[in-house]
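Trainee: please work out how this folds:
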Amino acid sequence: MRFSGRRTGWHSVAYSVMAFGAACVLSTALWAGGSGFGDDDHDHENEGPAYFGFVKDTNGATVPDAKVTVAIKDRGGVITRTDALGAYRVPGFGKEISPNDVVITCEKPGYKQVRILRRTAQDADPSVPIETECTMQRA
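Mentor: Okay, here's the model as predicted:
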C-alpha cells in the first residue's frame, strides 16, 4: 500500500518559486503609480491624456525602480517609479494642460538620462495616453 503524502524536495521549492514569481508579475502594475495599464477608462470629462512609457538603458534593457518625474512647466508635477519591467504610468492632468507643456525626466543612481522619445500624433485624441520612452546610460 502506498500513501500519497506531501511532495518534498525540489518539486515543492519549484512550485513555491513559480507562485512567488506569478504574484510579483501580477503586482507590477500596482507598483508603477497604483493603476494598471487596463485602467484607461475616462470617468472624468475634464481629464487630459495619461502619460506612460518605459525607462531603458542604451542597450535596450529595462531599468526598474527609476524615478520618473512628469511635470507641467512652471507648475509642479507628479513623481513615480518604474516597476520591475521598467514601465510607469501617470494619470492625465486637466484638459486645459497642453501635452507640449508636460516635461518628463528620469533619474536613477549610477545612470544619466541621454534621450527622451515621445510618441504621439499631432491630432491625437486627448483620451489616448501619450507614450514616452526614456533612455539612460550608466555613468
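
Trainee: where do the helices of the protein begin and end?
Mentor: Secondary structure of the chain (DSSP state H): helices at 10-31.

Trainee: that one: strands as residue ranges?
Mentor: Taking DSSP state E to define them, one finds strands in the chain at 51-57, 67-72, 76-81, 87-90, 102-107, 111-119, 130-138.

Trainee: which one of these lies closest to residue 96?
Mentor: For the strands of the chain, distance to residue 96 was read as CB to CB. The smallest value, 10.4 Å, belongs to strand 67-72. Backbone N, C-alpha and C define where each C-beta goes, glycine included.

Trainee: run the angle between that closest one and strand 76-81 for me.
Mentor: Per axes from the mean of the first three to the mean of the last three CA atoms, to 10 degrees, the angle that strand 67-72 makes with strand 76-81 is 160 degrees.

Trainee: sorry, back to before: adding distance to residue 96 and mean neighbour count, write the strands of the chain out as a markdown table.
Mentor: Converted to a markdown table, the strands of the chain look like this (distance: least, CB to CB, whole Å; neighbours: other CB atoms under 10 Å):
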| stretch | distance to residue 96 | mean neighbour count |
| --- | --- | --- |
| strand 51-57 | 16 | 22 |
| strand 67-72 | 10 | 18 |
| strand 76-81 | 15 | 14 |
| strand 87-90 | 17 | 23 |
| strand 102-107 | 12 | 18 |
| strand 111-119 | 20 | 13 |
| strand 130-138 | 16 | 18 |
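
Trainee: what about residue 60, neighbour count?
Mentor: 8 (other CB atoms under 10 Å).

Trainee: let me see the contact set for it.
Mentor: Residue 60 makes no contacts at all, as judged by CB atoms under 8 Å, 6 or more residues apart in numbering.

Trainee: against residue 118, how distant is it?
Mentor: Applying CB to CB, to the nearest Å, the value for residue 60 to residue 118 is 18 Å.

Trainee: could I get the strands of the chain as JSON lines with mean pLDDT?
Mentor: Formatted as JSON lines, the strands of the chain follow (pLDDT from 0 to 100):
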{"stretch": "strand 51-57", "mean pLDDT": "96"}
{"stretch": "strand 67-72", "mean pLDDT": "96"}
{"stretch": "strand 76-81", "mean pLDDT": "94"}
{"stretch": "strand 87-90", "mean pLDDT": "97"}
{"stretch": "strand 102-107", "mean pLDDT": "95"}
{"stretch": "strand 111-119", "mean pLDDT": "94"}
{"stretch": "strand 130-138", "mean pLDDT": "95"}
